[in-house]
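1. Sequence below, structure please.
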Amino acid sequence: MPDPTHEYAPKDTTEPTQLCEKCRRPYTLAHFRHGIEGQEQVCDRCLRAIGYQV
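-> Numbers count the residues shown, from 1 in each chain. As a prediction, this is how the structure comes out:
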């Protein structure tokens, strides 16, 4: 599957999605499996922007 964080990625995926608490964008559940406690609702992309090493 194409990277859903890319702005040109197809937006019609059949995989379950979840909204990120910070950017409010839908991402597949794989983007929330970073294991950082207290940040379960934040996507990998936002965590990198905040300064976490994912």
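2. residues touching C43, list them.
-> Shown in contact with C43 (CB atoms under 8 Å, 6 or more residues apart in numbering): T5, C20, K22, C23, R25, Y27, H31, F32. (C-beta placed from N, C-alpha, C; glycine too.)
3. Could you tell me how far it is located from E15?
-> Using CB to CB, to the nearest Å, we find C43 at a distance of 14 Å from E15.
4. same thing with L47?
-> If you measure L47 against E15 using CB to CB, the figure is 20 Å.
5. quick one: the helices in this structure?
-> With helices called from DSSP state H, the chain shows them at 44-50.
6. which stretches of it have low pLDDT?
-> By pLDDT under 70, the low-scoring segments of the chain are 1-13.
7. ok, which stretches of it are strands?
-> Taking DSSP state E as the test, the strands found in the chain are 17-19, 26-28.
8. And the first one, how far out from the chain middle?
-> In terms of CA atoms, centre = their mean, to the nearest Å, the centre of strand 17-19 is set 8 Å apart from its chain centre.
9. same question, the last one
-> In terms of CA atoms, centre = their mean, the centre of strand 26-28 is found 5 Å from the chain centre.
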